[in-house]
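Participant: Output the structure for:
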Amino acid sequence: MAIFDKLLPTSVAVAMLAGAPVALAQQASGVAPPVAPLAPQGQSAAAANAPSEADEYIIGPEDVIEIEVVGLPDRTRAKVYTDGTIQTNLLGKVQVSGQTPRQVGEQLAKLFKAGGFYANPVVNVEVVNYASRYVTVLGAVSSPGLVPINRPYRMSEVLARVGGVTGGAAEYLVVRPEQGPEVRYNIKDLSVGDVTKDPFVKAGDKIFAPNAELFYISGQVRQPGSFPLSSDLTVRQAIGRSGGLTETGTEKKVTVTRDGKKVKLSPDDKIQPGDVLVVGERLF
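Facilitator: Numbering: from 1, shown residues only. Sure thing, here's the model as predicted:
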């Protein structure tokens, strides 16, 4: 009987009808099963954001499950083969991929009873290592990597699990489902918007946090340099972000180099990506 270390111990108990333990032995594999993408944009907001029965965890290759027959002290663990099966001493190979833990418990109980091993088995099944269903989070986040999806997660929850975006990140996330076009989500909407703007992710999604585009400012400001560009940033706000004006600076004398041309800007004009601002001196 092969025993595997527990990872992410989240219980998914399944009750059926009682019996005796089954010894399991497995070998590792490396292929994740097909997974569902985010809901298409054509769906209504409510439909796209409401979890369904399909959101219950689906067992797949590389997952580790623990099987308990109620009333007996032993629990056995098994890693799922790449073909979606586990190996048992009493039942041989049993197909478990594509089913929930509850369904696997029901299946094992029926097989034990049909094989004459036990009259009324009660079987609990728990996933102890979630390896087949995950989302990939990359880019300007604190802890990029794979995030196991052991229950329905909203985008904001996944972002929190990777430590949020870094200081130089853009204001949006790019999500590429396994199928379908990529979608952008505003991070502020995910944080403070209603649930229709914070969708559930699906296993297989790739989430990317790009770095923010930059603007550059020099001249009569206290902290010249490059800064991340936020949406609708004005010249006045850009000066504030660079520490404000020096004693001789004025927001009325700001020029920008944009697309190779110099243009004069007013305090309320919007900054564009790659702008190079120069703040001039005021006349005494």
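Participant: in stretch 256-267, what's buried?
Facilitator: 256, 258, 265 (16 or more other Cβ atoms under 10 Å). Every residue, glycine included, has its C-beta placed from N, CA and C.
Participant: Kindly indicate which of the residues you listed lies nearest Gln179.
Facilitator: Arg258 (39.2 Å; Cβ to Cβ).
Participant: Identify the bridge partners of the closest one.
Facilitator: Lys261 (DSSP bridges).
Participant: what's near enough to touch it?
Facilitator: Neighbour list for Arg258: 272, 274-276 [criterion: Cβ atoms under 8 Å, 6 or more residues apart in numbering].
Participant: quick one on the thing from earlier: between the buried residues of stretch 256-267, which is nearest Val183?
Facilitator: Lowest distance from Val183 to the buried residues of stretch 256-267 (Cβ to Cβ) belongs to Arg258, with 29.8 Å.
Participant: Bridge partners for Arg77, pull those for me.
Facilitator: Note on Arg77: beta-bridge partners by DSSP bridges are Glu66.
Participant: distance of it from Ile65?
Facilitator: Arg77 is 7 Å from Ile65, where distance means Cβ to Cβ, to the nearest Å.
Participant: who touches both of these two?
Facilitator: With Cβ under 8 Å, 6+ apart as the test, Arg77 and Ile65 both reach Val128.
Participant: that older thread, so which of the contacts of Arg258 wins on neighbours?
Facilitator: Asp275 (23 neighbours; other Cβ atoms under 10 Å).
Participant: rewinding a little: just send the buried residues of stretch 256-267 back as TSV, with pLDDT and distance to Tyr118 too.
Facilitator: Supplementary listing: the buried residues of stretch 256-267 in TSV, determined by pLDDT from 0 to 100; distance: Cβ to Cβ, whole Å:
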residue	pLDDT	distance to Tyr118
Val256	96	79
Arg258	94	77
Leu265	93	80
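Participant: Dump those to CSV, plus distance to Arg151.
Facilitator: Converted to CSV, the buried residues of stretch 256-267 look like this (distance: Cβ to Cβ, whole Å):
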residue, distance to Arg151
Val256, 49
Arg258, 48
Leu265, 50
